[in-house]
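Participant: Got a predicted structure here, sequence first:
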Amino acid sequence: MEILLSIAIGVLGASGVWLVLRPRTFQVLMGLSLLGYAVNLFIFAMGSLSMGQEPIVAPGIPADLLHYTDPLPQALVLTAIVIGFATTALFLVVVLALRGLSGTDHVDGEERQ
Amino acid sequence: MRDWVSHAMPHLIVVPVALPMLAAAVMLLLGGQRRAQALVGILSGVAGLIVAVALLQWADTRATSEAIGVYLPSNWHVPFGIVLAVDRLSALMLVLTAILGVASLAFAAARWDRAGVHFHTLFQIQLMGLNGAFLTADLFNLFVFFEVTLAASYGLLLHGSGRARVRSGLHYIAMNLLASVFFLIGVAMLYGVTGTLNMADMARKLPLVPIGDRGLLHAGAAILGVAFLIKAAAWPLNFWLAGAYAAAAAPVAALFTILTKVGVYALLRLWTLMLPSEEAGAASFAGEALVYIGLVTLAVGAAGMLTVKQPRRLAGFSIVVSAGTMLAAIGFASVALIGGALFYLLASTLAGAALFLLAELIERSREMRPAPRDFHDDEADRVPAYVVPDVPERRERLEEEAPVGQAIPGTMAFLGLAFAACALLVAGLPPLPGFLAKLAMLRALLEPSGTVPAAAAWTMFALLIASGLLSTLAFSRAGIRFFWAPRGRPVPKLAMAESAPIAALLLLAAALTVLAEPALRYSQATARSLLDPTQYIESVMAAVPRSR
């Protein structure tokens, strides 16, 4: 599972970096989203990786991290997803506005000669 | 005064966050009534200023060991809940934010808030994010307040729309989204290693981190540092700044002056918290890195000043210079230097904000239009923001004849004097406080300081003086072009509401000269308590939830 998760983070991160460095605004937008996903998974991995365990203390199970999954990274990821979603939507609006104002989807608002 | 402050004290800490949020909510309820919105905004700004000054006084009059106020917003036990903490540094930054906020709002209420919708709401949310970032003692909460600040700043930067603004807005947003990614990676790594997000708790747990995890810890701290360096406009991550700030509407740019200082603040706060519990090798590496990055930023900013023609780009580069000076000073980790640098921060931030506001008036007077363009009061709200046309590119009119024997009109005299005052502040010349701040820093640099090699101290010594010279050159060249070669322009009309904030900012800076002694004493006390963070850590950790 660790290997699977790290491969997923690596692929998402690498694709994100490549796309962010592209000159088209939509590619930059997609790249930033992919980077956001990679980071969310990364935060998740920084807690404890475990399957089928509860994040909230339940009666009858000793209250330590051996028997539970760390709830804090889940809360952080939730916040990061919401913030990332909002800022991506805003960025999309700006991308469209620049497309409308300049007639090109180059990040500089004009084509390189 | 003292009575109500100590009576209201733990709860007063949350006011700088809650007040702008409430004001923003009220503004949304008010709908499109711009006058009422402006009134609510200015009232909230002034109330915020009063609270910030009260907090500053509270922190100033108490002994160092007691000058840290802690507030538990959700009444949870300390490492688990979010903590707001106010100490001398936070109080200082709150006051500075409130001053810039009120001045920019007053300036915007004259004209700029009509250029698009929701200006005042976004402005309040920006103030809320800034205040929150200065108050919070929790790393993830810092991220949230950063994002609140940035989300509002995206809206404000695009305020007024137009191609130049949207284009540099796109760059600005992309850069800051990337910085947020770095921020999250750094926070996640630090959490993975230390198991806590509370800054004080983290500083306490650092010595317990096993050797095997040290690499991960340092990598996390470095990535987090990169995120802050992007926000603080450090070279080579600052190429977006001059364009974005020059494109922003004047009152927005004036408030943005404090936005780069948030990055500086976060670095100063975390670096001084983590410093004592870190082993010598990593600490001196980080310190040296900060010093060299700061010095290069300072040099690039000073050189950049010489290359620009527009006054607002000049203001942009003066912010880069200020950020570079601060970063380099932080890296030395000496009380005297950081104390001087904090005083410099006050002077340079006031000057930067005044310069952005002034640049707008200067450029408007150079556009040679008989009267400032009016936005139609009742139209702007219904029309989507992007339809409002941008201020057109200024063109020199060479065919105008030069007037002979014309007396300098009063408005030009005001603009010229204000510009000269800004120049003195940025270049650090007497009698304004920029000089005193630089003098304090130069004196501190002569004393040998801990880990950083002496060559770096001498380089900074030389660069501080050289940057002063370069900015004097740049400003006098610009001043000659703006004020001595007017080529028969009509005398600009100045609105009282627009010139008063500039005058107020510059008078405040001048007052800093008179009050230099208490101000320097305060900033030195701030630096002392920053470099000995046990008090901060203990105060935050000792906070207990209130029981009813």
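Facilitator: Alright, I've got the coordinates.
Participant: OK, contacts around A:Glu111?
Facilitator: A:Thr104 (C-beta atoms under 8 Å, 6 or more residues apart in numbering or on different chains). Quick note: C-beta positions are derived from backbone N, CA and C, even for glycine.
Participant: Spatially, what comes nearest to residue 22 if we skip its sequence neighbours?
Facilitator: As the question left the chain open, I've gone with chain A. Closest residue to A:Arg22 apart from its sequence neighbours, by C-beta to C-beta, 6 or more residues apart in numbering or on different chains: A:Val28 at 6.5 Å.
Participant: my bad, chain B
Facilitator: B:Ser44 is the one closest to B:Leu22 (C-beta to C-beta, 6+ apart), at 7.7 Å.
Participant: who touches the residue nearest to B:Ile68 when sequence neighbours are not counted in this structure?
Facilitator: Nearest residue to B:Ile68 in three dimensions, chain neighbours excluded: B:Ser539, at 4.1 Å (C-beta to C-beta, 6+ apart). Residues near B:Ser539 by C-beta under 8 Å, 6+ apart: B:Ile68, B:Val70, B:Ala85.
Participant: Could you tell me which residues of the stretch 1-150 of chain B lie near chain A?
Facilitator: By C-beta under 8 Å from any C-beta of the partner chain, the part of the stretch 1-150 of chain B that sits against chain A consists of B:Phe140, B:Val144, B:Glu147, B:Leu150.
Participant: isn't there a helix covering the third one?
Facilitator: Yes: remark: B:Glu147 belongs to a helix, assigned using DSSP: H, G, I helix; E, B strand; the rest coil.
Participant: Break down the chain into its strands, ranges please.
Facilitator: Picked chain A for this. With DSSP state E, there are no strands along chain A.
Participant: um, chain B though
Facilitator: B:69-71, B:84-86.
Participant: Within its sheet, name the partner strands of the first one and how each one runs.
Facilitator: It refers to strand B:69-71. strand B:84-86 (antiparallel) (DSSP bridges).
Participant: Averaged pLDDT, the partner strand. What do you get?
Facilitator: Averaged across strand B:84-86, the pLDDT comes to 90.
Participant: So what touches that strand?
Facilitator: Contacts for strand B:84-86 (C-beta under 8 Å, 6+ apart): B:13-14, B:17, B:55, B:59, B:68-73, B:94, B:132, B:135-137, B:200, B:536, B:539-540.
Participant: most neighbours per residue, which of the strands of chain B?
Facilitator: strand B:84-86 (a mean of 24; mean count of other C-beta atoms under 10 Å in any protein chain shown).
Participant: Return the distance of stretch B:210-229 from the chain's centre.
Facilitator: 26 Å (C-alpha atoms, centre = their mean, to the nearest Å).
Participant: Could you check that stretch against chain A for contacts?
Facilitator: No: Stretch B:210-229 does not reach chain A (C-beta under 8 Å from any C-beta); its nearest approach is 9.3 Å.
Participant: quick one: average pLDDT of that stretch?
Facilitator: pLDDT averaged over stretch B:210-229 gives 89.
Participant: With stretch B:271-283 instead?
Facilitator: 74.
Participant: ok, now stretch B:251-259?
Facilitator: pLDDT averaged over stretch B:251-259 gives 90.
Participant: contacts for that stretch?
Facilitator: Residues external to stretch B:251-259 that are found in contact with it (C-beta under 8 Å, 6+ apart): B:93, B:96-97, B:100-101, B:103-105, B:107-108, B:112, B:123, B:126, B:130, B:149, B:153, B:156-157, B:159, B:231, B:245-246, B:248, B:312, B:315, B:319, B:349, B:352-354, B:356-357.
Participant: and the gap between B:Pro158 and chain A?
Facilitator: Not Pro; residue B:158 is Leu. 7 Å (C-beta to the nearest C-beta, to the nearest Å).
Participant: Quick check: that residue touching A:Val94?
Facilitator: Yes: contact criterion C-beta atoms under 8 Å: B:Leu158 and A:Val94 qualify, at 6.9 Å.
Participant: Between those two, which contacts overlap?
Facilitator: B:Val166, B:Gly169.
Participant: got the end-to-end distance for stretch B:25-43?
Facilitator: Length of stretch B:25-43, first residue to last, C-alpha to C-alpha, to the nearest Å: 14 Å.
Participant: now swap in stretch B:423-434 and tell me
Facilitator: Rule used - C-alpha to C-alpha; the end-to-end distance of stretch B:423-434 is 10 Å.
Participant: what's the single longest helix in chain A?
Facilitator: If you go by DSSP state H, chain A has its longest helix at helix A:71-102.
Participant: could you give the mean pLDDT of that helix?
Facilitator: 88.
Participant: Nearest residue to the residue in chain A that chain B sits nearest to in space, please, no chain neighbours.
Facilitator: Closest residue of chain A to chain B, C-beta to the nearest C-beta: A:Met46 (3.6 Å). If the residues on either side of it in the chain are set aside, A:Met46 comes closest to B:Gly192, at 3.6 Å by C-beta to C-beta, 6+ apart.
Participant: what does B:Tyr71 give?
Facilitator: Excluding the flanking residues, the one nearest B:Tyr71 by C-beta to C-beta, 6+ apart is B:Ile13, at 4.0 Å.
Participant: thought the one you found was touching B:Leu55?
Facilitator: Yes: using C-beta under 8 Å, B:Ile13 makes contact with B:Leu55 at a distance of 7.2 Å.
Participant: what residues are shared contacts of the two?
Facilitator: B:Gly69, B:Val86.
Participant: interface residues of chain A facing chain B?
Facilitator: So chain A meets chain B at A:20, A:25, A:28, A:32, A:35-36, A:39, A:42-43, A:46-47, A:72-73, A:76, A:79-80, A:83-84, A:86-88, A:90-91, A:94-95, A:97-98, A:100-102, A:107-109 (C-beta under 8 Å from any C-beta).
Participant: ok, now with 7 Å
Facilitator: Counting by C-beta under 7 Å from any C-beta of the partner chain, the residues of chain A close to chain B are A:20, A:25, A:28, A:32, A:35-36, A:39, A:42-43, A:46, A:76, A:79-80, A:83, A:86-87, A:90-91, A:94-95, A:97-98, A:101-102, A:107, A:109.
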